[in-house]
Every structure is written in structure tokens, then in C-alpha cells.
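Participant: predicted model and sequence follow; I will ask about them next.
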Amino acid sequence: MNIKQLSAVVILAALGLGGCANTDVYSGDVYSSSAAGRAQSVTYGTLVSVRPVKIQAGEENVVGTVGGGVIGGIAGSAIGGGTGRSLATAAGALAGAMVGSRAEEKMSQVNAVELEIRTDNGESLVVVQKADRSWQPGQRVRMIGSGSSMSVAPY
């Protein structure tokens, strides 16, 4: 196996592992280790609306950008000769980096729901969490936690 083939295999493996990121942390059924054993407030309410949204799990697309750039550069280096090959390598690396970054961004999105809730005391809240169950407007719910650490569960 030559260096070009080995580089392509390594980059594809890294991209594949990037897709294995744990997205369950966005579920209403998963607690962080710091929340375990800690008292949290519970509020009750009724779902007003449910809207499908996406959570962008990762902000940096380093693996996709670098991997795409390497693969694009390798592909570009197979074109032409001399100055043309250098230009094709650079163009391939740039195009590959852009495609790889976009691919990683899409792979790291999580299907989620935006839950608008009217609490029993009349307050309106919106909570976004992973779409791992079916929700219906009018459904009774309980909200666990407060502020930036709240999850919603059926009641």
C-alpha cells in the first residue's frame, strides 16, 4: 500500500469515527454525571406546540476539513504533470476541505424538537432536546431542572 492509499484509509477511518459521537447527551432521558445525586426542581405544564429542529452537535469541523483536504489533494495530484499537477493538487485540496467540512457538519446534526410549554403557573417556556419520543400539543409534561439544564418528560 503506497502513502496515498494509506493516507486515504486513515482519513476515511477518522471521518467514520467522527460519526460515532455520542448524541444521546441531548436526550431528556440522559443526565450528566454532575446532575446525578443532586436535587433538582420539578415543574409541571402542558405542551402548547412541538416543532422539529436540529441540534448542531459539534462546532469545529477539523477532521472533515483536514481529511477532505488530504483526500482532495491526493486526487488532484493524480491529474496532469508539472505546474498543472501542482495547481490540480491545490485545487483538489481546497475543494476537498470545503466538502469535508460540510459533510462533518451534516453528520454531527441531531434531530431534535422545540417544545413550547405553558407551566401550571402560567409561564411560557421553550426547551430543545433530542427527538427521541413522540410529543403532542396538549400533552402533560414535567420539567426537571432549571435555566440551562432542563429536560422535559411525559407526566
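Facilitator: Nice, thanks for sending it over.
Participant: could you export the strand or helix carrying L115 as CSV, CA atoms only?
Facilitator: L115 is located in strand 109-119, with elements delineated by DSSP states H and E. The C-alpha coordinates for strand 109-119 follow below in CSV (Å, rounded to 0.1, in the frame of the first residue of the first chain):
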residue,chain,number,x,y,z
GLN,A,109,-26.5,17.3,13.5
VAL,A,110,-29.1,15.7,15.8
ASN,A,111,-32.8,15.6,15.1
ALA,A,112,-34.5,17.5,17.9
VAL,A,113,-37.8,19.1,19.0
GLU,A,114,-38.5,22.5,20.3
LEU,A,115,-41.1,22.1,23.0
GLU,A,116,-43.2,25.2,23.9
ILE,A,117,-44.7,24.7,27.3
ARG,A,118,-47.2,26.6,29.4
THR,A,119,-46.4,25.9,33.0
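Participant: I'd like the next helix or strand past that strand.
Facilitator: Next element after strand 109-119 (DSSP H and E): strand 124-130.
Participant: still on that earlier bit, and the strand holding L115, what other elements does it pack with?
Facilitator: strand 42-56, strand 124-130, strand 140-146 (3 or more CB pairs under 8 Å, 6 or more residues apart in numbering; DSSP states H and E). For glycine as for every other residue, the C-beta is placed from the backbone atoms N, C-alpha and C.
Participant: quick one, what contacts the closest residue to G92 other than its chain neighbours?
Facilitator: Spatial nearest neighbour of G92, chain neighbours left out: G76 (2.3 Å); criterion: CB to CB, 6 or more residues apart in numbering. By CB atoms under 8 Å, 6 or more residues apart in numbering, the residues touching G76 are 85, 88-93, 96.
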